[in-house]
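**Student:** 3D model of this:
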Amino acid sequence: PFFFLHGQTKAELALHCYPLARALGADQPFYGLYSYTMLNDLRRGHMPSMEEVAAVHVKTIRSIQPEGPYLIGGFCNGGMMAYAIGRQLRAEGQKVDLLVSIDPDFLVYALPYRVYYAAFQLVGKLFRLSETRQVYWGLDLKHIVRCLFYKVLRKTDPDPLTFANLHEDYNRLFDWLALGYRPSGIYEGKLTLFWAQEGDDVNVLRTGWREVEAKGNVEIHSIPGSHQTCKTEYLSVLAEHLADCIQRAQRP
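**Tutor:** Model prediction:
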């Protein structure tokens, strides 16, 4: 089976996960894994680490397929999560025949973001803030800066949120989670990266993966469309590339 981290909420699952599964063919088992609900941990005063979230997904995957070899992939933040899962499976002695990240989120954030995160960690310790309060304050400040940015440019925020919704938005929470992620090394197996051909955001996202591309065992695919349209308007092309990767990974 192919395990896919779609990087969206349950309500958004059908946007590309189901069409992609159908496009891969009826004879290819496909599991779309729900995004981890960080809210439950935050309500208990704890912000999970990337490794903790990956471990939960690994447990789910191994409950379906106890032993490798595994076929794993993900899109956007799901692509980053797939990378963390692949590392854990290999650390457990499992074989991963395919690890594919499609337009993955930042593996390493730019320095200003990391400084911002470190500053909030320091403030949290000085004022003895709970992990939950640190996350909420950090998201609030970023949201204020974001609103001012779009106001100065006189543009409409493409993803507007109220402060109440901000604390429950999966993508914003995942961003905070990812800011604290530091892989101990480059993935030792083969990594397949899919990058969309259009959009400035793709170049920004790819920056954090340059070291992996340069030093790792990496296969790169270029697919038409932007970060959004590569999985909608050009989904058939995406599926064609992905199906080829899955078939080659399954050959003896």
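
**Student:** show me where the protein has strands.
**Tutor:** Using DSSP state E, the strands of the chain run over residues 2-5, 30-33, 70-75, 96-102, 190-196, 217-223.

**Student:** any idea how far Met38 is from Ser130?
**Tutor:** 14 Å (CB to CB, to the nearest Å). No exception for glycine: its C-beta is placed from N, CA and C like everyone else's.

**Student:** pLDDT below threshold where in the stretch 51-200 of the chain?
**Tutor:** 200 (pLDDT under 70).

**Student:** about what we covered before: so which of the strands of the chain comes closest to Pro252?
**Tutor:** The minimum distance between Pro252 and those falls on strand 96-102, with 11.0 Å, by CB to CB.

**Student:** which secondary structure elements does that closest one contact?
**Tutor:** Identification of packing neighbours for strand 96-102 by 3 or more CB pairs under 8 Å, 6 or more residues apart in numbering; DSSP states H and E yields strand 70-75, helix 77-91, strand 190-196, helix 235-250.

**Student:** now the ones you listed in a markdown table, with mean neighbour count?
**Tutor:** Shown next, in a markdown table, are the helices and strands packed on strand 96-102 (neighbours: other CB atoms under 10 Å):
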| stretch | mean neighbour count |
| --- | --- |
| strand 70-75 | 26 |
| helix 77-91 | 24 |
| strand 190-196 | 21 |
| helix 235-250 | 16 |
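
**Student:** need these in CSV with distance to Ser226, can you?
**Tutor:** Shown next, in CSV, are the helices and strands packed on strand 96-102 (distance: least, CB to CB, whole Å):
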stretch, distance to Ser226
strand 70-75, 13
helix 77-91, 15
strand 190-196, 5
helix 235-250, 12
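
**Student:** nearest to Leu20, of those?
**Tutor:** helix 235-250 (5.9 Å).

**Student:** picking that back up, so which of the helices and strands packed on strand 96-102 comes closest to Gly25?
**Tutor:** For Gly25, the closest of those is helix 235-250, at 7.0 Å, according to CB to CB.

**Student:** can you give me how far that closest one is from the chain middle?
**Tutor:** Centre-to-centre, helix 235-250 and its host chain are 20 Å apart (CA atoms, centre = their mean, to the nearest Å).

**Student:** can you show me the CA trace of it as CSV?
**Tutor:** The C-alpha trace of helix 235-250 is given here as CSV (Å, rounded to 0.1, in the frame of the first residue of the first chain):
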residue,chain,number,x,y,z
LEU,A,235,-3.4,16.1,-11.0
SER,A,236,-3.3,13.7,-13.9
VAL,A,237,0.4,14.6,-14.6
LEU,A,238,1.2,14.3,-10.8
ALA,A,239,-0.5,10.9,-10.7
GLU,A,240,1.4,9.7,-13.8
HIS,A,241,4.8,10.6,-12.2
LEU,A,242,3.8,9.2,-8.8
ALA,A,243,2.5,5.9,-10.4
ASP,A,244,5.8,5.5,-12.2
CYS,A,245,7.7,6.0,-8.9
ILE,A,246,5.5,3.4,-7.1
GLN,A,247,5.9,0.9,-9.9
ARG,A,248,9.7,1.2,-10.0
ALA,A,249,9.9,0.9,-6.2
GLN,A,250,7.9,-2.3,-6.3
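
**Student:** strand 190-196 and that helix, what's the angle between them?
**Tutor:** 170 degrees (axes from the mean of the first three to the mean of the last three CA atoms, to 10 degrees).

**Student:** what lies in contact with helix 235-250?
**Tutor:** 2, 16, 19-20, 23-25, 28, 69, 71, 73, 97-98, 100, 102, 192, 194, 219, 221, 223-225, 230-231 (CB atoms under 8 Å, 6 or more residues apart in numbering).

**Student:** the most centrally placed residue in the chain: what's it in contact with?
**Tutor:** Using CA atoms, centre = their mean, the residue of the chain that lies closest to the mean C-alpha position is Asn77, 1.6 Å off. Counting by CB under 8 Å, 6+ apart, Asn77 touches 7, 104-105, 171, 174, 178.
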